[in-house]
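> missing the sequence, but the structure's below:
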């Protein structure tokens, strides 16, 4: 995959970063910052914590760039981000289930400030009932608008498996809830971003 506005490929930038080229890593950082930020934000729904976690993700990636041996830098970075979110919730003793945490339940202000609080409540209930990986697929596909190929790389799965997982998730989510999720996903994203 070629990174936009450069002649170097991602693999070339990674190899340069592995020999200490900070400029090459900076290009990788610039390319992935928004994607990693959005992923972490949708897992925490808290701006300050997201910023802290994202900085930890890229610091860890830089420190461990020499251990990178996979064929997908995106998937490697995504795993670091996912683990950082899990670590964040592990440190917070008030959270009972680290991997399946969805942080809308404790944020009553968000629901009361939103014009469509009923829709937000329905989406919250819908997301709570999904497994962590299912939420990740929904977030990446509908809210981050990622192609199946990139979702598959981030989850270390093949593209067909991700499509089948999404099909099963959508079968699980039926009727009004499915329509609400698909129609309001950009609207919900904008509401959350404005409030943080």
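Right, received. Where do you want to start? On a predicted model such as this, the values are computed, not experimentally measured, just so you know.
> How about residues contacting the longest helix that the chain contains?
The longest helix of the chain (DSSP state H) is helix 22-44. Taking contacts as Cβ atoms under 8 Å, 6 or more residues apart in numbering, the residues outside helix 22-44 that touch it are 3-4, 6, 8, 10, 12-14, 16-17, 47, 50-51, 53-54, 57-58, 62, 65, 73-74, 77-78, 81, 84-85, 88, 101, 103, 136, 139-140, 143-144, 146, 192, 196. (C-beta placed from N, C-alpha, C; glycine too.)
> Please identify the buried residues of that helix?
Residues 24-25, 27-29, 31-32, 35-44 are the ones in helix 22-44 that count as buried (16 or more other Cβ atoms under 10 Å).
> for stretch 45-53, same thing?
Using 16+ other Cβ under 10 Å as the burial criterion, the residues of stretch 45-53 that qualify are 45-46, 49-50, 53.
> closest to residue 69 among these?
Taking Cβ to Cβ as the measure, residue 69 lies nearest residue 53 of the buried residues of stretch 45-53, at 24.2 Å.
> for this protein, what spans make up the helices?
For the chain, the helices defined by DSSP H occupy 10-18, 22-44, 47-63, 73-91, 108-113, 117-128, 132-138, 148-155, 159-172, 176-195.
> Tabulate those (JSON lines), appending mean pLDDT.
Listed next are the helices of the chain as JSON lines, based on pLDDT from 0 to 100:
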{"stretch": "helix 10-18", "mean pLDDT": "91"}
{"stretch": "helix 22-44", "mean pLDDT": "89"}
{"stretch": "helix 47-63", "mean pLDDT": "93"}
{"stretch": "helix 73-91", "mean pLDDT": "88"}
{"stretch": "helix 108-113", "mean pLDDT": "39"}
{"stretch": "helix 117-128", "mean pLDDT": "63"}
{"stretch": "helix 132-138", "mean pLDDT": "83"}
{"stretch": "helix 148-155", "mean pLDDT": "87"}
{"stretch": "helix 159-172", "mean pLDDT": "86"}
{"stretch": "helix 176-195", "mean pLDDT": "50"}
